[in-house]
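*Asks:* Pasted the sequence and its predicted model underneath.
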Amino acid sequence: MTAKDCGNHGKGRRRFFRGVIACILFFLLLVLFTIFLIWVILRPSKPSFILQDTTVFAFNASTPNFLTSNFQVTISSRNPNDRIGIYYDRTNVYATYRNQQITLRTALPPTYQGHNEINVWSPFIYGNMVPIAPEFSVSLGTEQAAGSVFLMIKIDGRVRWKVGTFVSGRYHLYVRCPAYLNFGSNSNGVSVGENAIKFQFVTRCRVSV
């Protein structure tokens, strides 16, 4: 075999490998374009959340700069999409007062939500002697004395969209549900047991994905 033949053979192999790589790249681009086209046509809508009620078992701020609380919240979620399912992954619920977390995070079980399906969760969230900022402690005492406390029930997690057999990557889910708790003579809650008061809300939550 001459040197010229070896050179032609090497060029042929390089052309072959370049052709294989070009075919693989074209196939990947085609798959990505198809997924993008399906995504654009279906246009997934974010789920809607409603805070239905909150049952207060404990809410004690008698110790300065500390708060002990125990709630059970009922939250419903609806998937408004006709052709897209939703996977809820690593979703946690907790309560905040003036953007300061006052309870531990409670994990919700991983859930798949089908088309136009509604799911309801009733987790317990609590915090024992949670430190709060001094200025928040003062404002909390003032609100309690006035008979009304404003809390925010939050849900943070990850969601995935399911279109046919395709499942997307994970997206951040942020849910914010306002909860107004009225105590004392102005209370609109219902006693459901010893030292337990249930507040009905049916409050629409703010959702971002």
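*Replies:* All right, it came through fine.

*Asks:* just checking, next helix/strand downstream of the helix or strand bottoming out on mean pLDDT in the chain?
*Replies:* Comparing helices and strands within the chain by mean pLDDT, DSSP states H and E singles out helix 3-42 as the least confident, with a mean of 71. Note on helix 3-42: by DSSP states H and E, the next helix or strand toward the C-terminus is strand 48-60.

*Asks:* Just list what the next helix or strand along the chain from that next one packs against, helices and strands only.
*Replies:* Note on strand 48-60: by DSSP H and E, the next helix or strand toward the C-terminus is strand 66-78. Packing contacts for strand 66-78, counted by 3 or more C-beta pairs under 8 Å, 6 or more residues apart in numbering; DSSP states H and E, involve strand 48-60, strand 85-97, strand 118-121, strand 124-131, helix 134-146, strand 148-163. (C-beta placed from N, C-alpha, C; glycine too.)

*Asks:* buried set for strand 66-78?
*Replies:* 67, 68, 69, 70, 71, 72, 73, 74, 75, 76, 77 (16 or more other C-beta atoms under 10 Å).

*Asks:* got JSON lines for the residues you listed, with pLDDT and distance to residue 160 too?
*Replies:* Listed next are those as JSON lines, based on pLDDT from 0 to 100; distance: C-beta to C-beta, whole Å:
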{"residue": "67", "pLDDT": "95", "distance to residue 160": "35"}
{"residue": "68", "pLDDT": "95", "distance to residue 160": "37"}
{"residue": "69", "pLDDT": "95", "distance to residue 160": "32"}
{"residue": "70", "pLDDT": "96", "distance to residue 160": "32"}
{"residue": "71", "pLDDT": "96", "distance to residue 160": "29"}
{"residue": "72", "pLDDT": "97", "distance to residue 160": "28"}
{"residue": "73", "pLDDT": "97", "distance to residue 160": "24"}
{"residue": "74", "pLDDT": "97", "distance to residue 160": "25"}
{"residue": "75", "pLDDT": "97", "distance to residue 160": "20"}
{"residue": "76", "pLDDT": "97", "distance to residue 160": "20"}
{"residue": "77", "pLDDT": "97", "distance to residue 160": "15"}
